[in-house]
Structures are given as structure tokens and as C-alpha cells.
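J.: With the sequence up front, the predicted model follows.
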Amino acid sequence: MNKLRNRLFILCSLLSCATFAQKQYVLTSPDGRIKTTIEAGNKLTYSIDHDGEILLEPSPLSLMLSTGEVWGENVGKAKSKTKQVKQIITSPFYKRSQIGDEYNELTLTFKKQWSVEFRTYNDGVAYRFVNARKQPFTIQSETVAYCFGKDFKATVPYVARGNDGDYESQFANSFENTYTTSQISALNKERLMFLPLVVEVDGGKKICITESNLENYPGLYLTNASGNNTLTGVQPQYPKKTVQGGHNMLQLIVQQREHYVAKVDRPRSFPWRVAIIAETDKELANSDMTYKLASSSRVSDTSWIKPGKVAWDWWNDWNIYGVDFASGVNNDTYKYYIDFASAHGIEYVILDEGWAVNLKGDLTQVVKEINVKELVDYAATKKVSIILWAGFYAFNRDMENICRLYSEMGVKGFKVDFMDRDDQEMVAFNQRAAETCAKYHLILDLHGMYKPAGMNRTYPNVLNFEGVHGLEQMKWSPASVDQVKYDVTLPYIRQVAGPMDYTQGAMRNAAKGSYFPCNSEPMSQGTRCHQLGMYIVFESPFNMLCDAPSNYMREPESLAFITGVPTVWDESKVLSGEMGKYIVTARRKGNSWYIGGLNDWSQRDITLDLSFLTNKSYAATLFKDGINAHRNGRDYKKESFTITPDKKLEVHLAPGGGFALQLEGE
């Protein structure tokens, strides 16, 4: 029986159909628990069941070419091919250094012109179209549908911008919003939802819907506009006319679009449509499926890529104190940041928006208060590297020369911002930026950006991505925005797609009822230990210290912990959690383990089972919420002790709280 469950099999049977003979293929996961049924006839559909329970009803998939030809309708006879894969993927800048990659695959080829590939993993199903034609063509639309048999509950991020019912206005967005949970039937039919999102089916099982290997193709949104417990795909059409505008004239605003979504000029594969299946919430947060489905690295030599921490200026509004110069965008301020980074082992300092002349869209024009070469050279003497912020338009218009100029100067990377689109033109830009930066040995942090969609595997020099409702929102969001609940939701949704530039590290921490937005002295919702726990729970190979150096130096214990936490890991596992309530994550680097927890606004007592540890004993350092953290978010307690794997550790989490535990093997 076990041999049968572990064997890939294809079941083919002819069914009567009005026009085309219906052919059925069944693809199972390596452990036999997931079954994908593909039917090819008048329409191409697939369904999913798990342990005999139907999770996804037959759902259509197709591509409509601008000629009117449809890949996925009246498909006729297909040539089928199967394979089994079991391998190890090496991942140098990820949450684990090695990933087990095991799946069964079915490829259906039609008329030698196009094919569809299906893969079943033990934790999900993915499919993609593949084009074999050498002649150029355009794709008018793609049919993506997730048809559920019941009115299940969904947790989704709506596009936060644009007008209801006007998809074109919603396509211009930064992919940042908190989550809304409701039955599928109650979802706003006039608003787009960006990916990833999660649907909870019977028995508490969850399906995370996302995409991977997104290259030179528009990103996918979902909507419930059609009703019937179905989520259907929507994609932005290709831009026909764009004009410079938007934030500080650093964006290209789409004024007119073509009648197609994508141009195709050669044989290629299209993005994977991904359904990650989890019986428990912690399984979902542990998933590597998005990474595994991405193309292998196109950067052959990665030895120059250096992940690490970065002292950030913008969130804290350059608001340092106790100095004898006026702080702001000037060399004196940045030398202070460099000195701070050097003294505390922080690898990078970023010059965010303001160093280049405003409204010019030209990164060679630098404000008179800044001398980039002087700062780069000064930082080098302190063993610190400089990263430059760049608006999209300015970076795009002269990308090659900008990368050459600043790499020769000694700059180590760019943070590119305000793309705020994911049509084919913009997705192609991100890939081109990654390739050009890699050519000049520059790392990249993409802001104003959609989810990673596997790009961090294909271009490992892209260390971080925004597409997250991060801590920057606390500079202006009203108290009605529940950032703490968001913090304990996104590890199960957004983070499943890859790393995120959340930019944590606030030293002003507000207990419930004490938060208010403040641009020049911003604060976080939740406790100090909530912020410390983020450095373990959240994935971020290029990880910001968002607060001002002056504030960190008043908090030496917190600073020492933050600067000591690794940003890439050998091993990671989610120990426990419930989406929207709490999460506990353990990560290992070498012989050191870090365990972090985040909590919602309900106080909670948790028990840490340390039996997974392998050393006989560990020197432990614990940061936990103080007894008055429910009143003053900055209240915490640091404890040091020795612990053995056979012991269980009890930790109390305050409302909006968290903890951070460091374990050094003895």
C-alpha cells in the first residue's frame, strides 16, 4: 500500500462529450495524499482533493491569444509525459541553506505548439503554460479560476488605492494593505485582491494562492466579481502610453493600455499558478513552495553578495540628538550614521530619498549638502558599505550608466522605489534591474514592489522586497489600523511568497491605546519584545534598523541583540501558531538557535518544547515582556540561564507582545 501511495500514476479514461472526447489525467503527490485531476476536452480544467476531500472543484485554465485562438478550449489529443523529482536545492540567502525538493510532474503537450505542466508536492499543486512557438504573438487574456464548492472563509489583501469597480485605477498600487477576513461571497466584488491570499476550507485546512517564477509577464490579481464561490484572475494590460509623474516625478503613469496583457517573442514558460495546502497554520508558514518553483540562480558567482543589517535614515526622519551639527540630509549626519554602524557591527548605511536633486529624475545630480564619494570613502575606512535610494524613473532612464558610475565609486547597492505597478513592462524592468545590478556586483532592495514570486532564488542579489504593510505605515496610520494583528497574520500569507522589507526595530513602543502617528518621532504598536521577535520571525536578508542611532544607543541591550541576530539561516521551523493570533519561529545559524514569538492583543502563555535541540545544554538569553508591558510597551526583562532540551520553557506574552530567545550550544 505504501509503495502504491508513493508511486506517481496517470489515470486516463475516455468520457463522452458533445464535441471533443474528454480525457482525464490524475496526478498524485509523492506521499499520495494530494490528487490533482486534469480533464481535457471542450475545456481544460483541474481539481484538487486532499485525503479524499475535495478542496478545489474543477476550475478552468486557458490563454486567449489576440488572434482569437484559445489554449485550453477544444484541446483535442495531448501527448503526456511524467516525471518524478527528488533533489536538494542549495539556497545561500534564505531561511534554510538546503531545501528538499520532491514532486511529481505531468506535462500535456498539444499540437507541438503549447503545453501545460502540472506539479504536485506534498504541500500543494502548481501549473503553468509553456509556449513552443518561435513566432511572436500577443496574449489577450488568461483565465485563472479557483472554484470552491462552498462559501469558505478567505483572508485577503485588497488593493488600497483606486476607485471601486475601476480596475485600471487599482492597478496603480504599492501592494500594501492589512488583511480582511470574510466569506468568499462577502468579498468586495468591486476591488482587486493582490497575492498571496488564503482560503480556509473544511477542517481548518488552508490554501494559500500565489504565483511563482513571474518573469516578463503581468502579475495576477483575484476578484470575486463573478460570484459562485469562485475567485477569478485579472491582469493589467500592456501599457500603450505612459508619462512621467507621480511621487516627485519619479514614476511612469499609465495613461493608455493595449488590448493585450503580454507580448511573447520566443519560446518560454509562463508563471506558475500555485495552491499551497496546509493542514495546520504552522505548516503554511513553513512552506518553501514559492522558492522551489522559481528558476535557478542566474548569478553564477554569488561570493560578492553580502546580506546583513542596515542603518536606515528615513523612518526616524534623520532625527538624531546630542550632536553639535544640524541633523538632516547632509554629510555630517551620514558620517554619524556610519560611525554608529561601524561601532556596532552593522554592515550598511542607506542614503534614502533626498540625496539626489528633487524633481530632476537624474541620479547624477546630487544635492550640495551631500558628497557621495566622500561618504563612500569614509565608510570604507570604517568597514561599512553605502546603499543608495533611487526612484524608479531616475533609475530606469539611465540604468546602465548609473550602476557603472556608482559601483566604480564603491557603492554596494540600490534601494529602488515607486514602481507601483506589475504589468508586463514593469515586471520586465525589475528583472532588468536585477541583471544589471548583478553585472556590477550591486545588491538590490526593491520597494514599491509586488511579492517576490521566486525572484530571490533566480537573482539572489535581490535581497529584499517590500510589498508589505510594514512599519513605515506607523508614521501616518491612525490608531484604527491594527498593525499588531497584521504582524501575526503576514507570516502565514505574505511571507509565504518570500522575504520582506518590513523595516522593524522601533525603540518607541506603544501599548494598546497609547499609539498615535508621528512622522518625526514615530513609534510601533505593541511591545519592545514584539519588535525584537520580528528579527527572528520575519525573513529579511537585508534587514533595516529603522530607528535613530541616538535612540538605539539609549537601549544598549536591545541594540546588541538586534545587531547580533543573523539575517540568513541554516535551518528554520515554525514551532506553533495560529494565523491572526500568534506565531513562534525557531531559526538556526551554525550552532546558535534563535526562537522568536509575536502575539496579538490578547495576553497569552505559551510553552516552548525544546526537544528538537541536539546539544546537551545551551546558554540562553531571553528577552520577554515586562510585568507592566501591557501599560508601557517599552517594558521588558532580560534573563540569562542554562537550559537543556528535555526542559520546557514557559513564556508569558503581553497584549501586543513577543519574545526573543537566543541559545548558544555548550
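T.: Cool, the structure landed.

J.: Does anything pack onto the host helix or strand of Tyr46? Which helices or strands?
T.: When elements are defined using DSSP states H and E, Tyr46 is found to belong to strand 44-50. On a contact count with 3 or more C-beta pairs under 8 Å, 6 or more residues apart in numbering; DSSP states H and E, strand 44-50 meets strand 34-40, strand 53-65, strand 124-131, strand 272-278. The way it works is simple: take the backbone N, C-alpha and C, and place the C-beta from them, glycine included.

J.: go with 10 Å
T.: Using 3 or more C-beta pairs under 10 Å, 6 or more residues apart in numbering; DSSP states H and E as the contact criterion, the elements in contact with strand 44-50 are strand 22-28, strand 34-40, strand 53-65, strand 114-121, strand 124-131, strand 137-147, strand 272-278.

J.: between the fifth one and strand 272-278, how big is the angle?
T.: Computed by axes from the mean of the first three to the mean of the last three C-alpha atoms, to 10 degrees, the angle separating strand 124-131 from strand 272-278 equals 170 degrees.

J.: in its sheet, what does strand 124-131 sit against?
T.: For strand 124-131, sheet partners with direction are given as strand 114-121 (antiparallel), strand 268-269 (antiparallel), strand 272-278 (antiparallel), following DSSP bridges.

J.: what about the longest one, distance to the chain center?
T.: Okay, so that is strand 114-121. How far strand 114-121 lies from its chain's middle: 24 Å, per C-alpha atoms, centre = their mean, to the nearest Å.

J.: between it and strand 53-65, how many degrees?
T.: Using the same axes, to 10 degrees, the interaxial angle of strand 114-121 with respect to strand 53-65 works out to 160 degrees.

J.: buried ones in strand 114-121?
T.: Counting neighbours by 16 or more other C-beta atoms under 10 Å, one finds that the buried residues in strand 114-121 are 114-121.

J.: ok, so of these, who is nearest Leu192?
T.: Compare each of the buried residues of strand 114-121 with Leu192 using C-beta to C-beta and the shortest gap goes to Val116, at 25.3 Å.

J.: so the closest one makes contact with Leu44?
T.: Yes. Distance between Val116 and Leu44: 7.0 Å, which falls inside the contact criterion (C-beta atoms under 10 Å).

J.: Would you indicate which residues of the strand or helix carrying Glu639 are buried?
T.: With secondary structure defined by DSSP H and E, Glu639 is part of strand 636-643. Buried residues in strand 636-643, counting neighbours by 16+ other C-beta under 10 Å, are found at 636, 643.

J.: packing partners for that strand?
T.: For strand 636-643, the contact count by 3+ C-beta pairs under 10 Å, 6+ apart identifies helix 528-537, helix 556-564, strand 618-625, strand 658-665 as packing neighbours.

J.: still on that earlier bit, who does the strand holding Tyr46 pair up with?
T.: Strand pairing (DSSP bridges) places strand 44-50 next to strand 34-40 (antiparallel), strand 53-65 (antiparallel).

J.: Any chance of the buried residues of strand 114-121 in a markdown table with distance to Ser269 and pLDDT as columns?
T.: Formatted as a markdown table, the buried residues of strand 114-121 follow (distance: C-beta to C-beta, whole Å; pLDDT from 0 to 100):
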| residue | distance to Ser269 | pLDDT |
| --- | --- | --- |
| Trp114 | 10 | 97 |
| Ser115 | 9 | 98 |
| Val116 | 10 | 98 |
| Glu117 | 8 | 98 |
| Phe118 | 13 | 98 |
| Arg119 | 12 | 98 |
| Thr120 | 18 | 98 |
| Tyr121 | 18 | 98 |
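
J.: Go ahead and flag the most central residue of the protein.
T.: Central residue of the chain (C-alpha atoms, centre = their mean): Gly498, 3.7 Å from the mean position.

J.: now, of the strands paired with strand 44-50, which is deepest in the fold?
T.: Ranked by mean neighbour count, those are led by strand 34-40 with a mean of 22 (mean count of other C-beta atoms under 10 Å).

J.: Tell me what angle it forms with strand 22-28.
T.: For strand 34-40 against strand 22-28, the angle by the same axes, to 10 degrees is 160 degrees.

J.: roughly how far is strand 34-40 from the heart of the chain?
T.: Relative to where its chain is centred, strand 34-40 has its mean C-alpha point 29 Å off (C-alpha atoms, centre = their mean).

J.: tell me the mean pLDDT for that strand?
T.: This predicted structure assigns strand 34-40 an average pLDDT of 98.

J.: pull the CA atoms of that strand into CSV?
T.: Provided in CSV are the C-alpha atoms of strand 34-40 (Å, rounded to 0.1, in the frame of the first residue of the first chain):
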residue,chain,number,x,y,z
ILE,A,34,-3.0,15.1,-2.8
LYS,A,35,-4.6,14.2,-6.0
THR,A,36,-4.9,16.6,-9.0
THR,A,37,-7.4,15.6,-11.6
ILE,A,38,-7.0,17.3,-15.1
GLU,A,39,-9.7,17.0,-17.7
ALA,A,40,-9.0,17.9,-21.3
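
J.: So for the strand holding Tyr46, what gets flagged as buried?
T.: Counting neighbours by 16+ other C-beta under 10 Å, strand 44-50 gives 44-48, 50 as buried.

J.: What is the burial count for the nearest residue to Ser115 once chain neighbours are set aside?
T.: In this structure, Ser115 finds its nearest non-sequential neighbour in Thr109, 4.1 Å apart by C-beta to C-beta, 6 or more residues apart in numbering. Neighbour count of Thr109, defined by other C-beta atoms under 10 Å: 17.
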